[in-house]
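Peer 1: Only the shape, not the letters, is given here:
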Ligand SMILES: Nc1nc2c(c(=O)[nH]1)N(C=O)[C@@H](CNc1ccc(C(=O)N[C@@H](CCC(=O)O)C(=O)O)cc1)CN2
Ligand SMILES: Nc1ncnc2c1ncn2[C@@H]1O[C@H](COP(=O)(O)OP(=O)(O)OP(=O)(O)O)[C@@H](O)[C@H]1O
């Protein structure tokens, strides 16, 4: 961990790391073979965990092309009888989760992220497993996301289990989390599952 002279340096460093994270994900997208190879290793790690096997509900994003492809996870969840929920962005940097099924229709929201059409109440049990997106992660489970604070806000009231799927290059301890940053419970990498 680094000590900062000025509080604002924390934000400056986080912002640099965020840019770096975005850049490395975009580079990985340009090497689809490598991306699929890393993703399938991480998926095998995820599907072996008891947190995956033991949950009946998952909350997950509809991924953008440069992000970890979540489609195989949603399909595996349905195949094994789990319910899936995805975020819908609301006003004031809040979000809610809506259940999807193979029949769900989508519209594009902010950033072109697919969101289910129509509204429905978010309600999933405390035993849900939430797969949390991010750009950079440290070994204590703290993350730097796209910068809206959506997950930090949501997770501050969330009681279930959280895990993130992390490419090797996304792991970095060269930054300091802020007071409001919410760590995830599990970091799932190509080689191992880190319980923080
Ligand atoms: N696939 C996917 N879905 C996701 C996320 C994600 O990281 N990936 N999110 C993870 O959080 C939430 C959406 N995140 C968003 C983050 C920023 C902005 C956005 O409009 N940013 C503006 C201005 C930022 C601001 O006003 O604070 C911008 O960047 O110009 C929108 C959505 C929920 N869904
Ligand atoms: N619980 C909270 N309540 C109110 N504001 C918050 C909360 N958590 C974070 N914020 C605000 O959200 C802003 C963005 O936070 P940050 O830069 O950590 O986003 P991020 O973690 O990258 O984004 P995300 O959580 O959407 O992936 C910060 O300016 C912060 O003040």
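Peer 2: That came through fine. As the structure is a prediction and not an experimental result, all values here were calculated from the model. Ligands and ions are numbered 1, 2, ... in the order given.
Peer 1: residue contacts, residue 158?
Peer 2: residue 130 (Cβ atoms under 8 Å, 6 or more residues apart in numbering). Bear in mind the C-beta positions are built from the backbone N, C-alpha and C, glycine included.
Peer 1: switch the cut-off to 10 Å
Peer 2: 59, 97, 124, 126, 128, 130, 132, 151, 182 (Cβ atoms under 10 Å, 6 or more residues apart in numbering).
Peer 1: which one among those gets closest to ligand 2?
Peer 2: Each of those was scored against ligand 2 by Cβ to the nearest ligand atom, and residue 151 proved nearest at 3.5 Å.
Peer 1: Report the secondary structure element holding the closest one.
Peer 2: helix 150-155 (DSSP states H and E).
Peer 1: Can you confirm whether that helix lies near ligand 1?
Peer 2: Yes - Helix 150-155 comes into contact with ligand 1 (Cβ under 6 Å from any ligand atom), by way of 150, 151.
Peer 1: What is the following helix or strand past that helix packed up against?
Peer 2: Using DSSP H and E, the next helix or strand after helix 150-155 towards the C-terminus is strand 161-165. Using 3 or more Cβ pairs under 10 Å, 6 or more residues apart in numbering; DSSP states H and E, the elements in contact with strand 161-165 are helix 32-48, helix 50-53, strand 57-59, strand 129-131, helix 150-155, strand 186-188, strand 193-195.
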